[in-house]
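**Student:** only geometry, no sequence info:
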């Protein structure tokens, strides 16, 4: 039996966009928390040139693989565990 109801539940408080996001960490901060010190250092330097951490994939061993994009979003690269920039890495971007 399906329950269909189109109304707003009375127990649900109406929160503004600001209230919903107040206690949540910023997404870039959450992503950066997965990086090791070498990757964070390299990313910090690359951010000065407009590179941006877009997402973090995990390899089969569950190690973080940070994927960064240049300022024009024309190319991407990954940061290896030693913090080196790998612009030739194969990542399937959807």
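**Tutor:** Cool, the structure landed. Here the structure is a predicted model, which is why all the values come from computation and not from measurement.
**Student:** stretch 33-48: which residues count as buried?
**Tutor:** Neighbour-count burial for stretch 33-48 flags 35, 39-40, 42-43, 46 (criterion: 16 or more other C-beta atoms under 10 Å). Using the backbone N, CA and C atoms, a C-beta is placed for each residue, glycine as well.
**Student:** err, stretch 53-62, not the other one
**Tutor:** Of the residues in stretch 53-62, those with enough neighbours to count as buried (16+ other C-beta under 10 Å) are 53, 56.
**Student:** got a list of contacts for it?
**Tutor:** Contact with stretch 53-62 is made by 28, 31-32, 34-35, 43, 64-69, 76, 91, as judged by C-beta atoms under 8 Å, 6 or more residues apart in numbering.
**Student:** if we go to 6 Å?
**Tutor:** With C-beta atoms under 6 Å, 6 or more residues apart in numbering as the test, stretch 53-62 has contacts from 31, 34, 43, 64-69.
**Student:** please pick the buried ones from these.
**Tutor:** 31, 43, 64-69.
**Student:** show only the entries of these found in helices.
**Tutor:** 31, 43 (DSSP state H).
**Student:** farthest pair within the buried ones among the contacts of stretch 53-62?
**Tutor:** Across the buried ones among the contacts of stretch 53-62, no pair lies farther apart than 64 and 69, at 16.5 Å, counting by C-beta to C-beta.
**Student:** how many other residues sit next to the residue lying closest to residue 77 once chain neighbours are set aside?
**Tutor:** Nearest non-adjacent residue to residue 77, counting by C-beta to C-beta, 6 or more residues apart in numbering: residue 87, 4.3 Å away. Neighbourhood size, residue 87 [other C-beta atoms under 10 Å]: 10.
**Student:** alright, that wraps it up for me.
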